[in-house]
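Trainee: Okay, sequence plus prediction incoming.
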2 protein chains.
Amino acid sequence: MTILADFGDALRNFLLAALSAKDFDGIKSDLEAVSFNLGDVLYESGDKMDYAYFPMTAIVSMLYLMENGATAEIGIIGNDGIVGLSLFMGGDATTSRAIIQSSGTAMRMKAKDLKAEFAKGGRFQELLLRYTQALMTQISQTAVCNRLHPIEQQLARWLLLSHDRLSSDKLIMTHDLISNMLGVRREGVTLAAQKLAKRKLITNVRGTITVIDRQGLEGAVCECYKVVNDEYNRLLGRGISRTFS
Amino acid sequence: MTILADFGDALRNFLLAALSAKDFDGIKSDLEAVSFNLGDVLYESGDKMDYAYFPMTAIVSMLYLMENGATAEIGIIGNDGIVGLSLFMGGDATTSRAIIQSSGTAMRMKAKDLKAEFAKGGRFQELLLRYTQALMTQISQTAVCNRLHPIEQQLARWLLLSHDRLSSDKLIMTHDLISNMLGVRREGVTLAAQKLAKRKLITNVRGTITVIDRQGLEGAVCECYKVVNDEYNRLLGRGISRTFS
DNA sequence: GGAGGATTGTGCTGTATCGCACAGACATCT
DNA sequence: AGATGTCTGTGCGATACAGCACAATCCTCC
């Protein structure tokens, strides 16, 4: 992680952008721009959190780590949200690891500042709570998808969720990394990616997956994607999906 | 659903019991005791909620329903918590169905009363937020468990979560009902229940599963159960597990 | 006590995915 | 250019579970 000298464009984060100018000015001095690289860990499971993060171009993956080393992702947080819900929820820590899935920038805010702002009530609190509910929907739908849908559809869902939070069509990710997120074998990801590539929805070259047919990918995904996106839209006033934005 | 004449023992619900006498007196007049039967639906997915429910002896299952009719449970709420988080989260509805998994009683509270009490801040708000985080942990762990663990362990987890929220050792549930919760085939539940019965952890007769070796069942379960229980303990000051209470 | 329905048990085939092994392709660094 | 490490592709058997079919058991209600 690197602390950036310039303030950056905080309004690339939707939660910050949804504040009124007055509300934003109130918290602006609490924000600090930072930059992350792929694989950086924001928190380990059980860590007491010192900061909350509002991703701008970075994407964060919430990952569970099992005793036998297996991992599975429960949610993706990008410029739509905030990492560190448990600060205002009261727990100060979660049982998941927060890891950078795509390099980029974020605003960070000290734990005590976030708590203080939250405690004031008002628009900021409301936004944070609505985002929490949206994230719960994403996690819930992940649970359902893990149970009921084949890898190919889950990969499509994962690619769309990531694509929505990126400004590019290129996802810098190895199959191995993706397999850790989805909690499946690396070979399973290779197979699924080949199928999607054969359908001309993505290209699939060493270390990079590129979305070439966004509409088509939405046709290949299970209903889980739309349910989550509709709920983000309902709760936060706009979908995160790049198709409709 | 039946509205009960007598007030009942509201303090069987841990959230209500955790309030100070003064705080509880403040909301007491907002509460009304109701009784539910197996299969009663508290909300459908997308329904605007009129009431929140604090289960006392009832157990509620949060269920997702897919387009093809398949279902999967994302969380269990009993006397440890509250059904209707989205009221104070701001969404007023969720994408899941809330259905009675075990008959019994609950306190209900009008939506606007709950929102008003939440908005006051203080101990009640804090408890609700902490419970929300605990439930998020349960949902997340469900997602992971769905991905990584075999049916037998998942059934054990599900039985323990239900057993913790019951005052009896008898769970009135058919294999078919359980299969809807776990999102697997009915036959899969039959097989898994037979294996647990062969290990003398439960008995398994038509329509009723009885826990006969609680300790043994905890030995048969995956780590998911303990992670969730420890987190409830950390966040809410006590585990829900009957073993340690 | 017989009929009918609900619940559980069992067997079969098909399939998705795992676990493992290894080859080929590519990237990087010297 | 060659060495080395990383990433992807492929093939195999094993396994867990799905989907389907149907028998056996039990419960309830006339």
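Mentor: Now that the structure is in, tell me what you want to look at. Numbering: from 1, shown residues only, chains lettered A, B, ... in the order given.

Trainee: where does residue A:105 land in three-state SS?
Mentor: Using DSSP: H, G, I helix; E, B strand; the rest coil, the secondary structure recorded for residue A:105 is strand.

Trainee: That one: what's its closest spatial neighbour, skipping adjacent residues?
Mentor: Residue nearest to residue A:105 in three dimensions, not counting chain neighbours: residue A:56, with 4.6 Å by Cβ to Cβ, 6 or more residues apart in numbering or on different chains. Any C-beta I mention is one placed from the backbone N, CA and C, and that applies to glycine too.

Trainee: can you check residue A:153 too?
Mentor: Nearest non-adjacent residue to residue A:153 (Cβ to Cβ, 6+ apart): residue A:222, at 4.2 Å.

Trainee: same question, residue A:186
Mentor: residue A:179 (4.3 Å).

Trainee: Enumerate every residue touching the one you found.
Mentor: Counting by Cβ atoms under 8 Å, 6 or more residues apart in numbering or on different chains, residue A:179 touches A:185-186, A:188-189.

Trainee: quick revisit: contact partners for the residue nearest to residue A:105?
Mentor: A:8-10, A:12-13, A:33, A:79, A:104-107.

Trainee: separation between it and residue B:60?
Mentor: To residue B:60, residue A:56 is 39 Å away according to Cβ to Cβ, to the nearest Å.

Trainee: helix or strand for residue A:64, which one?
Mentor: strand A:59-65 (DSSP states H and E).

Trainee: ok, the following helix or strand past that strand: who's next to it in the sheet?
Mentor: For strand A:59-65, the following helix or strand on the C-terminal side (DSSP H and E) is strand A:71-77. In the sheet, strand A:71-77 lines up against strand A:59-65 (antiparallel) (DSSP bridges).

Trainee: Now do the partner strand, average pLDDT.
Mentor: What strand A:59-65 shows for mean pLDDT is 98.

Trainee: residues making contact with it?
Mentor: A:42, A:45, A:53, A:71-78, A:83, A:94-102, A:104, A:106, A:162, A:165-166, A:180-181, B:140-141, B:143-144.

Trainee: That one: how far from the chain's middle?
Mentor: 8 Å (Cα atoms, centre = their mean, to the nearest Å).

Trainee: Repeat that for stretch A:97-110.
Mentor: On Cα atoms, centre = their mean, the centre of stretch A:97-110 falls 9 Å from that of its chain.

Trainee: so how far does that stretch reach from one end to the other?
Mentor: The first and final residues of stretch A:97-110 sit 19 Å from each other (Cα to Cα, to the nearest Å).

Trainee: what ranges of chain A fall below the confidence cut-off?
Mentor: Low-confidence segments of chain A, defined by pLDDT under 70: A:239, A:244-245.

Trainee: need the residues of it near DNA strand C, please.
Mentor: Applying Cβ under 7 Å from any atom of the strand, we find that chain A lies next to DNA strand C at A:150-152, A:183-185, A:187-188, A:206-207.

Trainee: Filter the residues you listed down to the buried ones.
Mentor: A:151-152, A:183-184, A:188 (16 or more other Cβ atoms under 10 Å in any protein chain shown).

Trainee: Widest-spaced pair of those?
Mentor: Farthest pair in these (Cβ to Cβ) is A:152 and A:183. Separation: 14.9 Å.
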